[in-house]
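>>> Provide a 3D model corresponding to the input given below.
(chains A, B, C and D)
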Number of protein chains: 2
Amino acid sequence: MQKITSADPAPYHHGDLRRALIDTALALVTEEQEWSFSLRELARRAGVSHNAPYNHFAEKRDLLGAVAAVGFERLRDGMLAAIAGIVEPEKALIACARTYVRLGLDNPALYRLMFGQALANTEYADRPTIARSAGAEARAVLEQLILRGALSGDFAVSPDDPKALALAALSIWSATHGLTMLIIDHLAQPDLSIDDMIETVLPTVAQGLMAPLGPASPRQCEKRPQE
Amino acid sequence: MQKITSADPAPYHHGDLRRALIDTALALVTEEQEWSFSLRELARRAGVSHNAPYNHFAEKRDLLGAVAAVGFERLRDGMLAAIAGIVEPEKALIACARTYVRLGLDNPALYRLMFGQALANTEYADRPTIARSAGAEARAVLEQLILRGALSGDFAVSPDDPKALALAALSIWSATHGLTMLIIDHLAQPDLSIDDMIETVLPTVAQGLMAPLGPASPRQCEKRPQE
DNA sequence: TCGCTTATGTTGACGACGTCAACATCCGCG
DNA sequence: CGCGGATGTTGACGTCGTCAACATAAGCGA
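Residues are numbered from 1 along each chain as shown, chains lettered A, B, ... in the order given. Take a look at the predicted model:
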């Protein structure tokens, strides 16, 4: 049924179908802004039968996980590039987060895929390990920045307390992730400009991480005397 | 159009199917922790034919939107209850956000439905207006709190600048929403306790909103001892 | 009371989907 | 050269969302 053009060899065995499927899926996600494309459509686009993907991915979730992993790698690389050469911790942190948000907005569907339920849903079946580890690598960039700021004394976090460091990183990550999601989902007020949102929200949160100017004075607003 | 009096026990044909469908869908979301149940399963559970829902919802998305609206109402009511009687703006803001996160964690699938792509996906077709307005009402609670803190001088925001107020609300909302999502998706570091996360992230962000303690001293964050 | 209109619910159908099983093809290694 | 396993194809099954046609019953004017 399929014609084979002699100049362009269409071998029975596709050279690297796994990679081709991931690339095609990325293109589909990007252009349709939907990760709910069908496996069959993906196979059609890749020029293979509707069951060929099953030789490389046990189920659809695994394919989506591989796509998400690419997204996490882009995120990590983008953040690393954004902070290159910035020595001041606060500036680096904001630059990093700003790039994070921008990358998310560049491809909302991919970002939603990376963080959405498509990967995390079924009860105990955790997200595919490939996406999990890629996500951890991206998160590590933020944590490294927090560590830098803690060591330099710019951030009000003890560099010797891993838990405090993780919590500080979680603070900035939460705000960054939340802002990205709210903008993507059109839930942030539409009359605010995206630049204003980024340049207000991120510094506000960074401000909350900053140490007071005098050295070695602990956070003093943070007590809860009642109950 | 039909006018439905809200407390009508047995109005029509087989009862108030619309309400029954929403309730059943809520139960399904809650117990399966999945919003990707089928319309047919929903109809089965409700004891009607697989097409009966189409008399009340033009498509699946509309049904999901109605379910999400219930979730937003719960969120709004919970936040309002949480801040009742708290006069100090910072405490009220944190209490509000804390309840927000807790409610999200109480029913992760419902939260994901409220904010996920199920409602916002198809290109220009925005999320169902019912969910949209319910979400705006929930957001308004946060914005009211920001206004209170701005008026009292606790927050470093001018109460006369609507844009600044909206941006401040967006800051705390981003962090709250992001934290909720990260915990739900098991992306926050698993060795951190949920209490620690909530009680660190939210105060950190609130700290970024606070006016400096000393009277009439401007934000002095733009400085660092070393370069 | 009757009979019309209209809202509501049912049945059946269609194409598309994810996935399984059986079969076909081809590469690499003995 | 020949074979085994990796890779790709075909066909099938059950389910899904949605449409169209039909059935039922409640409200309402006569």
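>>> low-confidence ranges in chain A?
Within chain A, the stretches with pLDDT under 70 are A:1-13, A:120-128, A:213-227.
>>> tell me which element the most centrally placed residue in chain A is part of?
The centroid of chain A falls nearest to A:Phe72 when counting by Cα atoms, centre = their mean (4.8 Å). Counting by DSSP states H and E, the element that carries A:Phe72 is helix A:60-83.
>>> and that helix with DNA strand C, contact?
Yes: Helix A:60-83 comes into contact with DNA strand C (Cβ under 7 Å from any atom of the strand), by way of A:Lys60, A:Arg61. (C-beta placed from N, C-alpha, C; glycine too.)
>>> What helices and strands are in contact with that helix?
Judged by 3 or more Cβ pairs under 8 Å, 6 or more residues apart in numbering or on different chains; DSSP states H and E, helix A:60-83 is in contact with helix A:17-32, helix A:39-46, helix A:89-106, helix A:108-115, helix A:117-120, helix A:129-152.
>>> quick one: secondary structure of A:Pro190?
Secondary structure assignment for A:Pro190 (DSSP: H, G, I helix; E, B strand; the rest coil): coil.
>>> how close does it get to DNA strand C?
From A:Pro190 over to DNA strand C the distance is 33 Å, taken as Cβ to the nearest atom of the strand, to the nearest Å.
>>> Any buried residues in stretch A:106-117, and which?
For stretch A:106-117, the neighbour count (16 or more other Cβ atoms under 10 Å in any protein chain shown) marks A:Asn107, A:Pro108, A:Ala109, A:Leu110, A:Tyr111, A:Arg112, A:Leu113, A:Met114, A:Phe115, A:Gly116, A:Gln117 as buried.
>>> again with stretch A:25-35
A:Ala25, A:Leu26, A:Leu28, A:Val29, A:Gln33, A:Trp35.
>>> related to what we said a few turns ago, any chance of the helices and strands packed on helix A:60-83 in a markdown table with distance to DNA strand D as columns?
Output for the helices and strands packed on helix A:60-83, formatted as a markdown table (distance: least, Cβ to the nearest atom of the strand, whole Å):
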| stretch | distance to DNA strand D |
| --- | --- |
| helix A:17-32 | 4 |
| helix A:39-46 | 7 |
| helix A:89-106 | 28 |
| helix A:108-115 | 19 |
| helix A:117-120 | 16 |
| helix A:129-152 | 17 |
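>>> Just say which of the ones you listed is most tucked in.
Of all these, helix A:108-115 carries the top mean neighbour count, a mean of 25, counting by mean count of other Cβ atoms under 10 Å in any protein chain shown.
>>> That one vs helix A:89-106, what angle?
Calculated by axes from the mean of the first three to the mean of the last three Cα atoms, to 10 degrees, helix A:108-115 forms an angle of 110 degrees with helix A:89-106.
>>> ok, helix A:108-115 near chain B or not?
Yes: judged by Cβ under 8 Å from any Cβ of the partner chain, helix A:108-115 comes into contact with chain B at A:Ala109, A:Arg112, A:Phe115.
>>> same deal with stretch A:165-176?
Yes: Stretch A:165-176 is in contact with chain B by Cβ under 8 Å from any Cβ, via A:Ala166, A:Leu167, A:Ala168, A:Leu170, A:Ser171, A:Trp173, A:Ser174, A:Ala175, A:Thr176.
>>> Out of those, list just those in strands.
Using DSSP state E, no member of the residues of stretch A:165-176 next to chain B falls in strands.
>>> Tell me the residue of chain A that sits nearest chain B?
A:Gly178 (2.6 Å; Cβ to the nearest Cβ).
>>> where's that residue, which helix or strand?
Residue-wise, A:Gly178 maps onto helix A:162-184 under DSSP H and E.
>>> Off-centre distance for that helix?
Computed by Cα atoms, centre = their mean, to the nearest Å, the separation of helix A:162-184 from the middle of its chain amounts to 11 Å.
>>> That helix: which residues count as buried?
Buried residues in helix A:162-184, defined by neighbour count with 16+ other Cβ under 10 Å: A:164-184.
>>> Just want the angle from it to helix B:89-106.
80 degrees.
>>> Just the angle for helix A:162-184 relative to helix A:129-152, thanks.
Helix A:162-184 runs at 120 degrees relative to helix A:129-152, counting by the same axes, to 10 degrees.
>>> after helix A:162-184, next one along is what?
Counting by DSSP H and E, the element after helix A:162-184 in chain order, helix or strand, is helix A:194-209.
>>> ok, and what's touching that following helix?
Contact with helix A:194-209 is made by A:90, A:93-94, A:97-98, A:101-102, A:105, A:146, A:149, A:155-157, A:168, A:171-172, A:175-176, A:179, A:183, A:188, B:163-164, B:167-168, B:170-171, B:174-175, B:203-209, B:219, B:221, as judged by Cβ atoms under 8 Å, 6 or more residues apart in numbering or on different chains.
>>> and with 7 Å instead?
Here helix A:194-209 makes contact (Cβ atoms under 7 Å, 6 or more residues apart in numbering or on different chains) with A:90, A:93-94, A:97-98, A:101, A:155-156, A:168, A:171-172, A:175-176, A:179, A:183, A:188, B:167, B:170-171, B:174-175, B:204-205, B:207-209, B:221.
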